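**Q** sharing a model that was predicted from the sequence below.
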Amino acid sequence: MYKIRRVYKTKPGEAANVAKLVYKQAKIYQDAGHRSEFTVSYNGYTLPGETNIVILEWCDEKIMSPSRPGNNIPPEVYEPAAQYRPLLESQHIEFYEMLDPSTMDD
């Protein structure tokens with residue numbers, strides 16, 4: 001099982017706006033069966049740590065390319081992306097293998 005995290009660095013003051021659009025896009029993916037339950041979090045400027053950050057996280061059994069044959073991406077996901085893209089400074093994706101406690105030695 002993998003935890004997948006997409007991190008968006010926003011322009012100053014845009015984290016909340018980007019978070020709402022990322023949530024909207026992730027919900028479209030989820031409703032179309034492309035994504036499991038997900039969370040969206042952000043730090044605009046009122047919390048300690050790095051600011052102007054939005055984080056989208058979800059878990060999946062395997063890592064799959066979005067451009068794989070037969071993958072039908074819902075066309076409505078492109079609208080929120082077109083709205084948040086001008087509000088970004090950068091973005092990247094992270095992959096983490098989740099520890100299965102049942103495989104640990106006692």
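**A** Now that the structure is in, tell me what you want to look at.
**Q** alpha carbons only for contacts and neighbour counts from here, please
**A** OK.
**Q** got the buried residues for the host helix or strand of Leu21?
**A** Per DSSP states H and E, Leu21 falls inside helix 15-31. Using 16 or more other CA atoms under 10 Å as the test for burial, helix 15-31 gives 15-29.
**Q** number of nearby residues for Thr10?
**A** 26 (other CA atoms under 10 Å).
**Q** who touches the closest residue to it other than its chain neighbours in this structure?
**A** Leaving out its chain neighbours, the residue that sits closest to Thr10 by CA to CA, 6 or more residues apart in numbering is Leu88, at 4.2 Å. Leu88 makes contact with 8-11 under the criterion CA atoms under 8 Å, 6 or more residues apart in numbering.
**Q** for the nearest residue to Glu61 once chain neighbours are set aside, give me the pLDDT.
**A** Excluding the flanking residues, the one nearest Glu61 by CA to CA, 6+ apart is Met1, at 4.5 Å. At Met1, the model reports a pLDDT of 93.
**Q** what do you get for Asp106?
**A** 57.
**Q** and the angle for the strand or helix carrying Ser90 with helix 15-31?
**A** Ser90 is part of strand 88-97 when elements are defined by DSSP H and E. Angle, strand 88-97 to helix 15-31, by axes from the mean of the first three to the mean of the last three CA atoms, to 10 degrees: 50 degrees.
**Q** return the set of buried residues in strand 88-97.
**A** Leu88.
**Q** mind exporting that strand as PDB, just the C-alpha atoms?
**A** Presented in PDB, the C-alpha positions along strand 88-97 are these (Å, rounded to 0.1, in the frame of the first residue of the first chain):
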ATOM      1  CA  LEU A  88       1.100  28.100  -8.100                       C
ATOM      2  CA  GLU A  89       4.800  28.600  -7.800                       C
ATOM      3  CA  SER A  90       5.600  24.900  -8.100                       C
ATOM      4  CA  GLN A  91       4.300  21.400  -7.400                       C
ATOM      5  CA  HIS A  92       5.600  17.900  -6.900                       C
ATOM      6  CA  ILE A  93       4.500  14.400  -6.000                       C
ATOM      7  CA  GLU A  94       5.800  12.100  -3.300                       C
ATOM      8  CA  PHE A  95       5.300   8.400  -2.900                       C
ATOM      9  CA  TYR A  96       5.700   6.500   0.400                       C
ATOM     10  CA  GLU A  97       5.400   2.800   1.000                       C
END
